[in-house]
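> what follows is a protein structure lacking sequence information:
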């Protein structure tokens, strides 16, 4: 089982959201503890490290997996049209 860590930008974004959207995102992130690379995740090309993304409605969650320490590090959460910039 993997632990979840949220970087500062991800924490700030979740605090700004309304409660229903943030709860949906948190549920999706918690599922990563059991399967850090689910079938609907995609690898982001062009990053130095292996960065993956999952979709949660109109939001995207960017994260990387640290297999040595069994952790998933959520790098960023944002709207689809802004997260890749």
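Thanks, I have the structure now. Model, not experiment: these values are computed from the prediction.

> select the longest helix from this protein.
When every helix of the chain is counted residue by residue (DSSP state H), the longest turns out to be helix 19-31.

> just checking the distance from whichever helix or strand comes after it to the centre of its chain.
Towards the C-terminus, the helix or strand next in line after helix 19-31, according to DSSP states H and E, is strand 42-44. In this view, strand 42-44 has its centroid 11 Å away from the chain centroid, taken as C-alpha atoms, centre = their mean, to the nearest Å.

> ok, stretch 78-85 next?
The gap between where stretch 78-85 is centred and where its chain is centred comes out at 12 Å by C-alpha atoms, centre = their mean.

> and if you look at stretch 38-52?
Taking the mean of its C-alpha atoms, stretch 38-52 sits 11 Å from the chain's own mean (C-alpha atoms, centre = their mean).

> give me the buried positions along stretch 23-33.
Of all the residues in stretch 23-33, those buried under the rule 16 or more other C-beta atoms under 10 Å are 25, 28, 29, 32. C-beta: built from backbone N, CA, C; applies to glycine.

> make sure the third one is actually in contact with residue 59.
Okay, so that is residue 29. No - if you go by C-beta atoms under 8 Å, residue 29 and residue 59 don't touch, sitting 10.9 Å apart.

> could you list every helix and strand in contact with the helix or strand of the chain with the lowest mean pLDDT?
With mean pLDDT, DSSP states H and E as the measure, the helix or strand of the chain carrying the lowest mean pLDDT is helix 80-83 (a mean of 85). Here helix 80-83 is seen to pack against strand 59-66 when contacts are counted using 3 or more C-beta pairs under 8 Å, 6 or more residues apart in numbering; DSSP states H and E.
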